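Visitor: Just the structure for this:
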Amino acid sequence: MKCPIATYDIKVNLKARNWAFKNVGYGPANPEEENEDFWNARAEEWQTPVEDAKEMRCSNCAAFIQTPEMLDCILKGIDEETDGYAKDVQGAANLGYCELFDFKCAGARTCSAWLSGGPITKKMTKNQQNMLMMAKTEYDMEEGEEE
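Guide: Okay, the predicted model is just below:
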(Lines give C-alpha, C1' and ligand atoms only; values in the text may rest on other atoms or scores of the structure.)
Protein backbone atom coordinates (compact mmCIF):
# COMPACT_ATOMS: atom_id res chain seq x y z
CA MET A 1 0.00 0.00 0.00
CA LYS A 2 1.25 3.46 -0.87
CA CYS A 3 0.87 5.82 2.08
CA PRO A 4 -1.32 8.90 1.50
CA ILE A 5 0.78 12.05 1.45
CA ALA A 6 -1.06 13.56 4.43
CA THR A 7 0.18 10.72 6.64
CA TYR A 8 3.77 11.93 6.29
CA ASP A 9 3.63 15.54 5.06
CA ILE A 10 2.45 17.75 7.93
CA LYS A 11 1.78 20.77 5.69
CA VAL A 12 -0.51 18.76 3.41
CA ASN A 13 -2.24 17.24 6.42
CA LEU A 14 -2.80 20.62 8.11
CA LYS A 15 -4.14 22.19 4.91
CA ALA A 16 -6.74 19.42 4.54
CA ARG A 17 -7.59 19.44 8.25
CA ASN A 18 -8.02 23.23 8.27
CA TRP A 19 -10.29 22.96 5.24
CA ALA A 20 -12.39 20.46 7.19
CA PHE A 21 -12.60 22.84 10.19
CA LYS A 22 -13.85 25.65 7.93
CA ASN A 23 -16.11 23.73 5.54
CA VAL A 24 -17.52 20.64 7.21
CA GLY A 25 -17.53 21.53 10.89
CA TYR A 26 -14.63 19.28 11.90
CA GLY A 27 -14.29 19.44 15.65
CA PRO A 28 -14.72 20.12 18.43
CA ALA A 29 -11.43 21.93 18.85
CA ASN A 30 -10.81 20.23 22.21
CA PRO A 31 -12.84 17.02 22.55
CA GLU A 32 -12.01 16.91 26.28
CA GLU A 33 -14.21 19.98 26.92
CA GLU A 34 -18.03 20.19 27.07
CA ASN A 35 -18.34 22.08 23.74
CA GLU A 36 -22.09 22.69 24.15
CA ASP A 37 -22.34 25.08 21.18
CA PHE A 38 -20.53 22.63 18.90
CA TRP A 39 -22.70 19.65 19.88
CA ASN A 40 -25.92 21.66 19.75
CA ALA A 41 -25.03 22.71 16.19
CA ARG A 42 -24.30 19.10 15.15
CA ALA A 43 -27.53 17.88 16.77
CA GLU A 44 -29.54 20.52 14.92
CA GLU A 45 -27.78 19.79 11.64
CA TRP A 46 -28.39 16.04 11.98
CA GLN A 47 -31.87 16.48 13.48
CA THR A 48 -31.04 14.24 16.42
CA PRO A 49 -30.79 14.66 20.19
CA VAL A 50 -27.49 16.08 21.47
CA GLU A 51 -26.76 12.82 23.30
CA ASP A 52 -26.99 10.92 20.00
CA ALA A 53 -24.89 13.50 18.15
CA LYS A 54 -22.13 13.09 20.75
CA GLU A 55 -21.95 9.40 19.82
CA MET A 56 -21.34 10.15 16.13
CA ARG A 57 -17.55 10.43 16.17
CA CYS A 58 -14.76 9.96 13.69
CA SER A 59 -13.84 6.78 15.57
CA ASN A 60 -17.10 5.17 14.40
CA CYS A 61 -17.37 6.84 11.00
CA ALA A 62 -17.29 4.73 7.84
CA ALA A 63 -14.65 7.07 6.35
CA PHE A 64 -12.27 6.58 9.32
CA ILE A 65 -9.53 4.22 8.15
CA GLN A 66 -7.60 2.31 10.79
CA THR A 67 -6.37 -0.69 8.87
CA PRO A 68 -3.00 -2.05 10.03
CA GLU A 69 -1.45 -0.69 6.82
CA MET A 70 -2.89 2.80 7.35
CA LEU A 71 -1.88 2.86 11.00
CA ASP A 72 1.63 1.90 9.91
CA CYS A 73 1.63 4.85 7.48
CA ILE A 74 0.49 7.18 10.26
CA LEU A 75 3.08 5.87 12.70
CA LYS A 76 5.94 6.16 10.20
CA GLY A 77 4.75 9.66 9.29
CA ILE A 78 4.96 10.73 12.92
CA ASP A 79 8.29 9.08 13.65
CA GLU A 80 10.39 6.79 11.45
CA GLU A 81 11.34 4.93 14.63
CA THR A 82 8.04 3.09 15.06
CA ASP A 83 9.09 1.99 18.54
CA GLY A 84 9.43 5.65 19.50
CA TYR A 85 6.76 8.09 20.58
CA ALA A 86 4.55 7.62 17.50
CA LYS A 87 2.46 4.86 19.11
CA ASP A 88 1.81 7.11 22.11
CA VAL A 89 0.68 9.95 19.84
CA GLN A 90 -1.53 7.67 17.74
CA GLY A 91 -3.03 6.05 20.81
CA ALA A 92 -3.67 9.31 22.69
CA ALA A 93 -5.53 10.83 19.74
CA ASN A 94 -6.91 7.53 18.40
CA LEU A 95 -5.69 8.68 14.99
CA GLY A 96 -7.03 7.28 11.77
CA TYR A 97 -7.17 8.53 8.20
CA CYS A 98 -10.21 10.41 6.93
CA GLU A 99 -10.81 8.94 3.50
CA LEU A 100 -13.31 11.69 2.60
CA PHE A 101 -11.08 14.67 3.27
CA ASP A 102 -7.60 13.14 3.11
CA PHE A 103 -6.04 13.92 6.47
CA LYS A 104 -5.06 12.28 9.75
CA CYS A 105 -8.12 12.50 11.93
CA ALA A 106 -8.62 12.30 15.71
CA GLY A 107 -11.15 9.67 16.72
CA ALA A 108 -12.88 11.88 19.33
CA ARG A 109 -13.83 14.52 16.76
CA THR A 110 -16.56 14.48 14.11
CA CYS A 111 -17.77 16.48 11.11
CA SER A 112 -20.89 17.16 9.08
CA ALA A 113 -20.06 14.29 6.73
CA TRP A 114 -20.17 11.57 9.43
CA LEU A 115 -21.21 8.19 7.99
CA SER A 116 -22.35 5.25 10.10
CA GLY A 117 -20.49 1.98 9.89
CA GLY A 118 -16.92 2.57 10.95
CA PRO A 119 -14.14 2.45 11.65
CA ILE A 120 -12.65 0.58 8.72
CA THR A 121 -10.11 -1.82 10.24
CA LYS A 122 -9.64 -4.29 7.39
CA LYS A 123 -9.64 -4.17 3.61
CA MET A 124 -12.70 -2.29 2.40
CA THR A 125 -15.48 -4.12 0.63
CA LYS A 126 -16.67 -2.95 -2.78
CA ASN A 127 -19.81 -1.54 -1.13
CA GLN A 128 -17.73 0.47 1.34
CA GLN A 129 -15.50 1.76 -1.46
CA ASN A 130 -18.54 2.78 -3.53
CA MET A 131 -20.19 4.54 -0.58
CA LEU A 132 -17.03 6.53 0.16
CA MET A 133 -16.51 7.39 -3.49
CA MET A 134 -20.08 8.74 -3.72
CA ALA A 135 -19.70 10.72 -0.50
CA LYS A 136 -16.33 12.10 -1.56
CA THR A 137 -17.75 13.16 -4.92
CA GLU A 138 -20.46 15.13 -3.12
CA TYR A 139 -17.85 17.12 -1.22
CA ASP A 140 -15.49 17.46 -4.20
CA MET A 141 -18.28 19.39 -5.92
CA GLU A 142 -18.00 21.97 -3.14
CA GLU A 143 -14.26 22.42 -3.69
CA GLY A 144 -14.79 26.07 -4.58
CA GLU A 145 -15.48 26.82 -0.91
CA GLU A 146 -12.81 28.19 1.42
CA GLU A 147 -9.52 26.35 1.24
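Visitor: contacts, neighbours, all on C-alpha from now
Guide: Noted.
Visitor: ok, how many other residues are close to residue 121?
Guide: For residue 121, the neighbour count with other C-alpha atoms under 10 Å is 15.
Visitor: so what pLDDT did it get?
Guide: As predicted, residue 121 sits at a pLDDT of 91.
Visitor: One more: the one 5 residues further on?
Guide: What the model reports for residue 126 is a pLDDT of 83.
Visitor: next one: residue 75
Guide: 89.
Visitor: tell me the phi and psi of it?
Guide: As for residue 75, its main-chain torsions (degrees, to the nearest 10) stand at phi -60, psi -50.
Visitor: In contact with the spatially closest residue to it that is not a sequence neighbour, which residues are there?
Guide: What sits nearest to residue 75 in space, not counting adjacent residues and going by C-alpha to C-alpha, 6 or more residues apart in numbering, is residue 86, at 5.3 Å. For residue 86, the contacting residues are 75, 76, 78, 79, by C-alpha atoms under 8 Å, 6 or more residues apart in numbering.
Visitor: repeat for residue 99
Guide: When contacts are counted by C-alpha under 8 Å, 6+ apart, residue 99 touches 63, 64, 65, 132.
Visitor: Now the residue nearest to residue 75. Its backbone dihedrals?
Guide: Per-residue torsions, residue 86: phi -60, psi -40 (degrees, to the nearest 10).
Visitor: Same check on the one 10 residues further on?
Guide: Phi and psi for residue 96, reported as degrees, to the nearest 10, are phi -140, psi -170.
Visitor: Return the per-residue confidence for it.
Guide: Predicted confidence (pLDDT) for residue 96: 95.
Visitor: wait, it sits on residue 69?
Guide: No - contact between residue 96 and residue 69 fails when scored by C-alpha atoms under 8 Å: they sit 10.9 Å apart.
Visitor: neighbour-wise, which of these two wins?
Guide: The neighbour count for residue 96 versus residue 69, taken as other C-alpha under 10 Å, is higher for residue 96 (28 against 16).
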